[in-house]
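# With the sequence up front, the predicted model follows.
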Amino acid sequence: MAKRSKRMRAMAEKAPSEALPLAEAVKVLKSFNTTKFDQSVEIAMRLGINPAQADQMVRGSIVLPHGIGKTVRVAVFAKGDKIDEARAAGADIVGGADLQAEIKAGNINFDVCIATPDMMGVVGPLGRILGPRGLMPAPRNGTVTMDVAKVINEYKAGKVEFRNDKGGNVMAIVGKLSFTEEQLAENIQKFIDFVQSLKPATAKGQYVKGTVISATMSPGVRVAQL
């Protein structure tokens, strides 16, 4: 731990105190790529919203231009011809009562869970298990659908979901440090533009108050407002 702390302090000293244009911020972040593993890149945006107000909730999902560099494991609750459709689209796990039993037994080997509407009777009892993990299928994020192939393809392509926390912050993975500077910048810009488009009508004053990008084992780099 001491060695890691020393390394983090050294990088923190290199991190500019001022906010940088996106291209420069990405260049600085990539200079922190000193580990043997491919670090994930995360964005955090501090929003001028009141999280206690339901009409100021900021949430959504987006498929980034270059994906997020992660293999997403998709489970699907389906029956009939939707089973074949899900498998053909690349679902990693497809099932019904058998999949429910596996989850109840603690075998959760997936990152995303999708269900057709007619399977929600099977999925419903799993709410207490899947809900806290952010894996419960829900119509609002498109994971309860008859168009399972389309949704599977979106997640396999790098679909990112987000929602503001109690502090009014939005965070998401936007790529890997192994991405080129251009790929990271395009992903980050796409995410920023999308969040800006979601500004609640009732939010007053400055909407985006700050944006920071960071890697798994790096200090944050502030990104200047456009």
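Sure, I can see it.
# quick one: low-confidence parts of the chain?
Within the chain, the stretches with pLDDT under 70 are 1-16, 226.
# Do a quick rundown of the helices in it.
Counting by DSSP state H, the chain has helices at residues 2-14, 22-30, 81-88, 97-104, 120-123, 127-130, 148-156, 181-197.
# And the contacts of the fourth one?
Under the contact criterion CB atoms under 8 Å, 6 or more residues apart in numbering, helix 97-104 has outside partners 75, 77, 93, 95, 122-123, 125-126, 129-130. For the C-beta atoms, the positions are set from N, CA and C on the backbone; glycine is no exception.
# Also the last one?
Helix 181-197 has contacts (CB under 8 Å, 6+ apart) with 22-23, 26-27, 29-30, 41, 43, 45, 47, 58, 60, 62, 64-66, 68, 160, 162, 170, 172, 174-175, 179, 207-208, 211, 213, 223, 226.
# Which among the residues you listed count as buried?
Listed as buried from the contacts of helix 181-197 are 22, 26, 29-30, 41, 43, 45, 47, 58, 60, 62, 64, 66, 68, 160, 162, 170, 172, 174-175, 179, 207-208, 211, 213, 223; burial here means 16 or more other CB atoms under 10 Å.
# which residues does the spatially closest residue to Val63 that is not a sequence neighbour contact?
Spatial nearest neighbour of Val63, excluding adjacent residues (CB to CB, 6 or more residues apart in numbering): Lys159 at 4.8 Å. Contacts for Lys159 were tallied using CB under 8 Å, 6+ apart; they are 61-63, 72.
# Next, give phi and psi for Gly167.
Here is the backbone geometry of Gly167 (degrees, to the nearest 10): phi -90, psi 0.
# Not counting its neighbours along the chain, what's nearest it?
Nearest residue to Gly167, sequence neighbours excluded (CB to CB, 6+ apart): Pro51, at 7.0 Å.
# Thanks a lot, see you next time.
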